[in-house]
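Visitor: I would like the atomic coordinates for the input below:
(2 chains)
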Amino acid sequence: MQTQPTIDYALHLADSALILGQRNGEWCAHGPILEQDIAITNITLDLIGQSRLFYQYAAACMNESGTAEATEDTLAYLRTERSFKNLLMCELPNGDWAQTVLRQFFFSQFQLLLLEQLQHAGNEQYAAIAAKSIKETQYHVKWSSEWVIRLGDGTAESHEKMENAVNALWMYTGEFFIAADYEAVDVAALKNKWMEAVTAIFEEATLSMPENTFMQTGGKTGTHTEHLGYILSELQYLQRTYPGAEW
Amino acid sequence: MELYDLEKKFQEKIEKEIKIEPRDWMPDAYRKTNLRQISQHAHSEIVGMLPEGNWISRAPSLKRKAILIAKVQDEAGHGLYLYSAAETLGTSREQMIDDLHSGKAKYSSIFNYPTLTWADMGAVGWLVDGAAILNQVMLCRTSYGPYARAMVRICKEESFHQRQGFESLLVMSQGTEAQRAMCQDAINRWWWPSLMMFGPKDSESTNSDQSMKWKIKRKTNDELRQQFVDMIAEQIKLLGMTLPDPDLRWNEERKHYDFGEINWTEFWNVVKGNGPCNKQRLEARNKAHEEGAWVRAAALAYAEKKRVRTTAKVA
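Guide: Numbering: from 1, shown residues only, chains lettered A, B, ... in the order given. A predicted model of the protein is given here:
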């Protein structure tokens, strides 16, 4: 039988993937060019898929321990703001294309390092989900880092927008590496590798690394930005309006 | 060779079912008709992403959300194949997109109707994709090679979408009273506009005769519309819902369903830009395009920098 930390951790991983997928999904049909509309939608689909695997695992653990009759949908649709455990960065508004691709790069680069460790965290289910998700995430890192470079080293305008994106998002990266008590991977230990990867891409993108900035925290333990409530209002609207209906 | 001979040879090829390819000689009007039709078709795929994209954030389950996202993504892919097919006729994608955004080029009027409830996602899949497929199956045998080949790929995905749409309505039709009402309401609103998708009556259709002769089209608007009515009138029985047409009934003599008169005033109104969402759809496309201008400029600038650096290295 799995313990509460395992369930919480699965929910944390699922929530981050779902909420970022929900945000990226807003680009669908509104992207800057058709091929990139398809690419970001592809990433959205991968993230929703990953969230489902983690929710299904969390639900299985919960049902096994008899705490609730949970499904992937009850977990995504019937939990409230304070019980969501996603990283704050995932819930931020998309902003412009620079902010969207930079957020994807920060998140995916972190997720890739995390999933590599999750394969060896002594839990077969986690290992299986991680193995499947790593392949997708490698593509997300490649796609998003190429865009960071392209925009950073593109025109003066795109460079400026990229710098603005860095300034807007950097304060949400600190949270990645501060462990919540349920985490099965030592996230603090991922920080150096993540910084190295980001530094390398920033160098190629001619972007400067931010100086020491105050870091926002709280997502992992359910203290979110004001944005999350609105995301959940939309996401959960039909399930809340028609309780118990099947779709 | 004289023009007369070229045209004769061209028509002979058509009669022999030999596909016309981009480098082949073709009458100007054939080129123009295909370009108009294929680019309109591409635009329809792209504008069609909007009414469905409208429900991605609110899909009622994770499975339905994933299905819907995948569907809208498929439509973007269809738009890409079709723009490529149209480009073989000598007009750039950029030009076609400019024509869409300026309002010069048309797209299917069906996408000027709003998607008001979740059941619309099922109804659009079942009825709108269902109507589109009948047209597209025919187009798999159209005389212009690149268009026919694009259609073969597209048809496979479209029929999948139609089944998914029907299945989504089937689940709702077996659900709660509120779900059944939502399902019936969506069918009521999408039925007539779906019939309009086949275009004006044969007696009123200006492009039809020549297109049939060139085998761009192989069935008339009225033939396809009848085929659609016959198909849907049977499928709706499985849903336990009704079609909003008091004149709909089986005609034993014709072996077809009779159906009521389409509101042609509404049809022409929507074509002329007065549909419920004509303005919003074009605005949304223009907004995405304008806001993406700096992104496209940056991508070009970066590609150019990279090219220069590579050349410098080689030298």
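
Visitor: What count of nearby residues applies to A:Gly21?
Guide: 25 (other C-beta atoms under 10 Å in any protein chain shown). Every C-beta, even on glycine, is put in place using the N, C-alpha and C of the backbone.

Visitor: before we move on, what about the one 5 residues further on?
Guide: A total of 18 residues lie near A:Glu26 under the criterion other C-beta under 10 Å.

Visitor: Quick check: phi and psi at B:Tyr144.
Guide: phi -90, psi 120 (degrees, to the nearest 10).

Visitor: so what's it bridging to?
Guide: Listed beta-bridge partners, B:Tyr144: B:Ile20 (assigned using DSSP bridges).

Visitor: Can you give me every residue that contacts it?
Guide: Listed by C-beta atoms under 8 Å, 6 or more residues apart in numbering or on different chains, the contact set of B:Tyr144 reads B:19-20, B:34, B:38, B:85, B:216.

Visitor: Could you dump those into JSON lines with neighbour count added?
Guide: Listed next are the contacts of B:Tyr144 as JSON lines, based on neighbours: other C-beta atoms under 10 Å in any protein chain shown:
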{"residue": "B:Lys19", "neighbour count": "17"}
{"residue": "B:Ile20", "neighbour count": "24"}
{"residue": "B:Asn34", "neighbour count": "24"}
{"residue": "B:Ile38", "neighbour count": "29"}
{"residue": "B:Ala85", "neighbour count": "24"}
{"residue": "B:Ile216", "neighbour count": "23"}
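
Visitor: which one in those residues is the model shakiest on?
Guide: On pLDDT alone, B:Ile216 ranks lowest of the contacts of B:Tyr144, at 93.

Visitor: Name the nearest residue to that residue, sequence neighbours excluded.
Guide: Excluding the flanking residues, the one nearest B:Ile216 by C-beta to C-beta, 6 or more residues apart in numbering or on different chains is B:Thr142, at 5.5 Å.

Visitor: If you count neighbours, what's buried in the helix or strand harbouring B:Lys305?
Guide: If you go by DSSP states H and E, B:Lys305 is part of helix B:293-314. Neighbour counts using 16 or more other C-beta atoms under 10 Å in any protein chain shown place B:294-295, B:298-299, B:301-302 of helix B:293-314 among the buried residues.

Visitor: any idea how far A:Ala168 is from chain B?
Guide: 17 Å (C-beta to the nearest C-beta, to the nearest Å).

Visitor: Same question for A:Asp73.
Guide: Per C-beta to the nearest C-beta, A:Asp73 is found 5 Å from chain B.

Visitor: tell me the contacts of that residue?
Guide: A:239, B:61-62.

Visitor: Serialize those residues to a markdown table and add fields for neighbour count.
Guide: Below are those laid out as a markdown table (neighbours: other C-beta under 10 Å):
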| residue | neighbour count |
| --- | --- |
| A:Gln239 | 19 |
| B:Ser61 | 18 |
| B:Leu62 | 24 |
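
Visitor: okay, now the residue lying closest to B:Ser205 once chain neighbours are set aside: neighbour count?
Guide: Excluding the flanking residues, the one nearest B:Ser205 by C-beta to C-beta, 6+ apart is B:Asn221, at 5.6 Å. For B:Asn221, the count of nearby residues is 19 (other C-beta under 10 Å).

Visitor: Repeat that for A:Trp27.
Guide: 22.

Visitor: now do the one 10 residues further on
Guide: Neighbourhood size, A:Asp37 [other C-beta under 10 Å]: 26.

Visitor: do the same with B:Glu177
Guide: By the criterion of other C-beta under 10 Å, B:Glu177 has 7 neighbours.

Visitor: B:Gln280 now?
Guide: There are 14 residues near B:Gln280, going by other C-beta under 10 Å.

Visitor: what do you get for A:Arg82?
Guide: A:Arg82, neighbours per other C-beta under 10 Å, totals 12.

Visitor: residue contacts, it?
Guide: So A:Arg82 contacts A:222-224 (C-beta under 8 Å, 6+ apart).

Visitor: Take those residues and write them to a markdown table, including neighbour count and pLDDT.
Guide: Formatted as a markdown table, the contacts of A:Arg82 follow (neighbours: other C-beta atoms under 10 Å in any protein chain shown; pLDDT from 0 to 100):
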| residue | neighbour count | pLDDT |
| --- | --- | --- |
| A:Gly222 | 18 | 98 |
| A:Thr223 | 13 | 98 |
| A:His224 | 22 | 98 |
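
Visitor: any idea which of these is the one closest to A:Trp143?
Guide: Closest approach between the contacts of A:Arg82 and A:Trp143, by C-beta to C-beta: A:His224, at 27.1 Å.
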